[in-house]
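1. pasting the structure only:
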């Protein structure tokens, strides 16, 4: 997929996903309007949304694959300030 195709895909509305009205309503409540908005959420972030479970997550991931898109990995922030290195 080229950069232009990725930009066009992420600008698309989440309505183009075949995920069902329940999931689309959850997205609407949390101001997730485009695929780009959705791709800012990690799996953990989505699972923390009320009424969004593992079945919903799997459905969304399956649909994102049709656009060659993935959810980002959860970024773990590590504080090295007080670490002792040996």
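-> That came through fine. Predicted model only: the values in this text are computed from it and were never measured. Residues are numbered from 1 along each chain as shown.
2. what segments of this structure are strands?
-> Counting by DSSP state E, the chain forms no strands at all.
3. in the longest helix along the chain, what's buried?
-> Ordering each helix of the chain by length in residues (DSSP state H) puts helix 54-65 first. For helix 54-65, a neighbour-count test (16 or more other Cβ atoms under 10 Å) marks 56-57, 59-60, 63-64 as buried. C-beta here means a position set from N, CA and C on the backbone, and glycine is covered the same way.
4. make TSV out of the residues you listed and add pLDDT and distance to residue 23.
-> Shown next, in TSV, are the buried residues of helix 54-65 (pLDDT from 0 to 100; distance: Cβ to Cβ, whole Å):
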residue	pLDDT	distance to residue 23
56	95	5
57	95	9
59	95	7
60	95	7
63	91	9
64	91	12
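5. now those residues as CSV including distance to residue 42?
-> As requested, these are exported to CSV (distance: Cβ to Cβ, whole Å):
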residue, distance to residue 42
56, 14
57, 10
59, 16
60, 12
63, 17
64, 13
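6. so, low pLDDT: which residues of the chain?
-> Counting by pLDDT under 70, the ranges of the chain that qualify are 1-11, 75-86.
7. now do the helices in it.
-> 3-11, 21-29, 35-38, 43-47, 54-65.
8. quick one, which of those is nearest to residue 74?
-> Closest to residue 74 of the helices of the chain is helix 43-47 (Cβ to Cβ; 5.0 Å).
9. give me the contact list for the closest one.
-> Helix 43-47 has contacts (Cβ atoms under 8 Å, 6 or more residues apart in numbering) with 52-54, 56-57, 60-61, 71, 74.
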